[in-house]
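1. task: produce atomic coordinates for the following.
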Amino acid sequence: MARPRLLFVSPQFLFPADAGGKIRTGGILRGMKGGHFEITLLSPAAEDEPRRFARELAEVCDRFLFWPTPRHGKFVGAARRATALASRLPASVALDRSREARALVADMLATQPDVIVADFVHAAILFDQVPQRRSVVFTHNVEAEIFARHARNADNLAARLIWSAQRRKMVEFEARHLPDFEKVIAVSERDLGFFLENYGVRGAETIPTGVDFDYFGAIASPPPATISARGGELVFTGSMDWPANVDAVQYCMNEIWPLIAAERPDVRLTVVGRDPPKSLIEKARTRGFNWRFTGFVDDVRPFIRDADLYIVPLRVGGGTRIKIYEAIAMRRPVVSTSIGVEGLPIEAGNHYRRADNPDTLAREVLRLLAAPVEAAEMAENAYDFILKRYSTRRVAAAFEDICRRVAENAAGAAEPAATPLALAG
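-> Just a heads-up that it's a prediction; the model follows:
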């Protein structure tokens, strides 16, 4: 008997899995592959990517179709970003627009899949019409909240005005398009409450954040029992072309690191993530900081394993941070801001150390470096807590169950008219 068909539309190619959204989506699809649904994945891709990542794609879907990712030179790319900023749409949405994508999505909708999933609210721009039944949107964040936090932390008036304008546009976009979908899936109860209160969504549920313990635990090792009184190894991971991560590293550089290095002059920070700004690397060098920037790496695990502490000095974010669970899965003690752990059901003090200003963050780092046995006990508490509750297998099963119920409800009801999407901008 043929399995029900699930059409999954993503505005980004999922590989390499070097960003939180890609990791989360890839883990869910991998867990669903071979299960209740036959999965067709649609996304942009460069011409060579389906071949280069054939093995990874086979792990997450039964069929992969793509529209071409345009290749632009430096100046054309800058012009496109400037045009997107001037659009009536949020710039990130405007940059996702594609005639080829809309044509491919329309062709696939005409085959009447049993359930359609849009990955991120941005994907709404890829639909001519969203079927009011059978449709699911997977929201990794409250996108407008990210822009609001950037505006609040911007260090000049021009940046504040730009981020504030993007927040306003994203509020309008989310409010207009989230209610078009039959089901909204959020990644935390906090996000769910925001959608229900502010956007009037009809149906919404949450799934937890999960982590692949088999993958991250494969090379994990216990934290060290002793750490040099002058040193210590800290690590931060995250795509360094993502403004929230850039802000976190700048915040650490300007306000936190000098306090740590004053007491431990040999302490080192490794920043792991693709495309770190050259200006940031140069600032760390000229200020004499014991930092290294890896750029893109195929595997973040060795860098986490070799660290004494994992730090998350985030001031901007939305949804939940998978990176926290990755560090915990490798038994590494975590020091984080409240925004860093937002939406995750872990307890300050018992599972991580919380610090929301530079003095407190530096002090918690120094305390744990001075007490590695205490740090290891905290890391083990966190590991035991999430191991029992938040594996990727459990999260994929929860996501699949929601999609199954949406498909079954649609099969038992008449299909209402689809919702046309206005092309603003």
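
2. where does the stretch 201-350 of the chain dip in pLDDT?
-> The model of the stretch 201-350 of the chain has no residue with pLDDT under 70.

3. which stretches in it count as strands?
-> 204-206, 233-237, 268-272, 291-295, 309-312, 334-336 (DSSP state E, counting those that start in this stretch).

4. parallel or antiparallel, list what pairs with the next helix or strand after the last one.
-> To tie it back to what came earlier, the one meant is strand 334-336. The C-terminal neighbour of strand 334-336 among helices and strands, as given by DSSP states H and E, is strand 353-354. Its sheet considered, strand 353-354 pairs with strand 334-336 (parallel) by DSSP bridges.

5. so for the one helix or strand Ala148 maps to, what gets flagged as buried?
-> Under the criterion of DSSP H and E, Ala148 resides in helix 143-153. Across helix 143-153, burial judged by 16 or more other CB atoms under 10 Å covers 143-151, 153. Bear in mind the C-beta positions are built from the backbone N, C-alpha and C, glycine included.

6. in TSV: the strands of the stretch 201-350 of the chain, plus mean neighbour count and distance to Gly217.
-> As requested, these are arranged in TSV below (neighbours: other CB atoms under 10 Å; distance: least, CB to CB, whole Å):
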stretch	mean neighbour count	distance to Gly217
strand 204-206	17	25
strand 233-237	22	17
strand 268-272	22	19
strand 291-295	16	22
strand 309-312	25	15
strand 334-336	26	16
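
7. tabulate the ones you listed (a markdown table), appending distance to Leu41.
-> Formatted as a markdown table, the strands of the stretch 201-350 of the chain follow (distance: least, CB to CB, whole Å):
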| stretch | distance to Leu41 |
| --- | --- |
| strand 204-206 | 22 |
| strand 233-237 | 26 |
| strand 268-272 | 27 |
| strand 291-295 | 28 |
| strand 309-312 | 30 |
| strand 334-336 | 32 |
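
8. got the domain boundaries for the protein?
-> Domain ranges of the chain: 5-210+391-420, 213-387, per automatic domain parsing.

9. rewinding a little: indicate which one of the strands of the stretch 201-350 of the chain is closest to Ile23.
-> Closest to Ile23 of these, according to CB to CB: strand 233-237, at 10.9 Å.

10. contacts made by that closest one with the rest, please.
-> Contacting residues not belonging to strand 233-237 are listed as 245, 248-249, 252, 267-273, 300, 303-304, 306-313, 323, 326-327, 332, 365 [CB atoms under 8 Å, 6 or more residues apart in numbering].

11. so what strands line up beside that strand?
-> strand 268-272 (parallel), strand 309-312 (parallel).

12. the helix holding Ala148 packs against which elements?
-> The contact analysis (3 or more CB pairs under 8 Å, 6 or more residues apart in numbering; DSSP states H and E) places helix 143-153 against helix 157-177, helix 243-251.

13. ok so, going back, select, out of the strands of the stretch 201-350 of the chain, the one closest to Asp119.
-> Among those, the nearest to Asp119 by CB to CB is strand 204-206 (16.0 Å).

14. from the contact counts, what lies against that closest one?
-> Using 3+ CB pairs under 8 Å, 6+ apart, strand 204-206 sits against strand 183-186, helix 189-199.
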